[in-house]
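Participant: take this sequence and fold it.
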Amino acid sequence: MRKLKFVENEIYHVYNRGVEKRTIFRDEHDCMRFIHDLFEFNDEKPALNLSYRFCRKPNRVTETDPPCLKARMDMEREPRKLLVEILMFALMPNHFHLLLREKKKGGIRKFMHKLGTGYALHFNQRHERSGILFQGRFKAVHVNKDKHLLHLPYYIHANPLDLNEAHPPSIDFLDSYRWSSHLDYCGWNNFPSVTQREFLLDFFGGEDRYRKSMNEWLKKRENNTNGIRDVLIEKNKTLVA
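Facilitator: Below you'll find the predicted structure:
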């Protein structure tokens with residue numbers, strides 16, 4: 001195994017799973033907390049040492065649907081200085097996928113360390129467990145070919161289809177799945193503050209075109225996936241961060 005050197009402004013497919021492939025998102029609370037952490041830890045400054053709770057009637061709602069996660073202390077905060085651009089994300093019961101672009105030198109490593117440590121602490125406390133949660137360090141592959149951008153974003157958003165194996169791949173299922181950035185790329189606000197979508201929406205040709213292209217990609221999902229085996233971390237055992 002060799003370490004990957006991250007380069008500013010370059011894009012990387014980042015992934016990690018639960019140790020022994022165990023479930024790391026047991027319910028909606030866990031998913032919401034992880035998505036909250038994607039936002040909160042993407043900042044050069046240290047994360048605030050606050051406790052968090054679910055709140056159905058918060059004073060501030062940053063996402064579209066309650067319940068939401070909010071800080072126990074409702075305070076003004078300075079604008080974030082992003083470590084990375086979170087281009088996309090998708091959560092599965094025992095793993096997650098991120099598409100990140102490094103904005104600051106060392107940004108991906110710092111962000112992933114904060115994310116992994118913070119979420120594992122929350123998970124262990126909430127579920128009354130101890131020990132490591134993730135299967136070692138996060139994995140990453142450099143996205144540096146045109147064909148990667150032609151297929152990888154669709155592949156990441158199509159991951160939840162594995163939860164619906166009894167039925168043919170359908171964009172309708174993805175439209176009903178909250179725990180990815182797919183809905184935001186369609187223009188249906190889900191967690192709009194988490195991702196930076198301008199680059200890929202320009203690449204896709206806008207929100208409507210993205211959804212049409214996603215639907216077309218799903219019709220040839222297996223063949224399209226075969227074309228990017230070199231950048232799928234599950235198949236690539238040589239690159240670790």
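
Participant: which other residues reach stretch 123-130?
Facilitator: Ile24, Arg26, His29, Asp30, Gly131, Leu133 (CB atoms under 8 Å, 6 or more residues apart in numbering). Every C-beta, even on glycine, is put in place using the N, C-alpha and C of the backbone.

Participant: show me which of the residues you listed are buried.
Facilitator: Neighbour-count burial (16 or more other CB atoms under 10 Å) applied to those gives Ile24, Asp30, Leu133.

Participant: isn't the last one right up against Glu20?
Facilitator: Pointing back at Leu133 there. No: using CB atoms under 8 Å, Leu133 makes no contact with Glu20, being 10.5 Å away.

Participant: could you export the contacts of stretch 123-130 to TSV, including columns for secondary structure and pLDDT?
Facilitator: Listed next are those as TSV, based on DSSP: H, G, I helix; E, B strand; the rest coil; pLDDT from 0 to 100:
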residue	secondary structure	pLDDT
Ile24	coil	98
Arg26	coil	97
His29	helix	96
Asp30	helix	97
Gly131	coil	93
Leu133	coil	97
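
Participant: in this structure Lys139 contacts Asn16, no?
Facilitator: Yes: contact criterion CB under 8 Å: Lys139 and Asn16 qualify, at 6.5 Å.

Participant: just the pLDDT for Pro168.
Facilitator: Per-residue pLDDT puts Pro168 at 81.

Participant: from Asn226, how far out is it?
Facilitator: From Pro168 over to Asn226 the distance is 18 Å, taken as CB to CB, to the nearest Å.

Participant: and what of Asp184?
Facilitator: Look at Asp184 and Asn226: by CB to CB, they are 28 Å apart.

Participant: same question, Asp208
Facilitator: Here Asp208 is placed at a distance of 28 Å from Asn226 (CB to CB).

Participant: before we move on, what about Ile35?
Facilitator: Distance, Ile35 to Asn226, by CB to CB: 30 Å.

Participant: who's more crowded, those two?
Facilitator: Ile35 (24 against 11; other CB atoms under 10 Å).

Participant: confirm the more buried one sits in a strand?
Facilitator: No: under DSSP: H, G, I helix; E, B strand; the rest coil, Ile35 falls outside any strand and is assigned helix.

Participant: quick one, phi psi at the closest residue to it other than its chain neighbours?
Facilitator: Spatial nearest neighbour of Ile35, chain neighbours left out: Phe191 (5.5 Å); criterion: CB to CB, 6 or more residues apart in numbering. Backbone geometry at Phe191, expressed as degrees, to the nearest 10, gives phi -130, psi 60.

Participant: got it, and Phe138?
Facilitator: The phi/psi pair for Phe138 (degrees, to the nearest 10) is phi -60, psi 150.

Participant: residue contacts, the residue nearest to it when sequence neighbours are not counted?
Facilitator: Distance criterion CB to CB, 6+ apart; nearest residue to Phe138, sequence neighbours excluded, is Asn16 at 4.4 Å. Asn16 sits next to His95, Phe96, Gly116, Phe134, Gln135, Arg137, Phe138, Lys139 when contact means CB under 8 Å, 6+ apart.

Participant: partners of the spatially most central residue of the chain in the sheet?
Facilitator: Using CA atoms, centre = their mean, the residue of the chain that lies closest to the mean C-alpha position is Phe89, 2.5 Å off. Under DSSP bridges, the beta-bridge partners of Phe89 are Leu98.

Participant: what's the local residue count around Lys147?
Facilitator: Counted with other CB under 10 Å, Lys147 comes out at 13.
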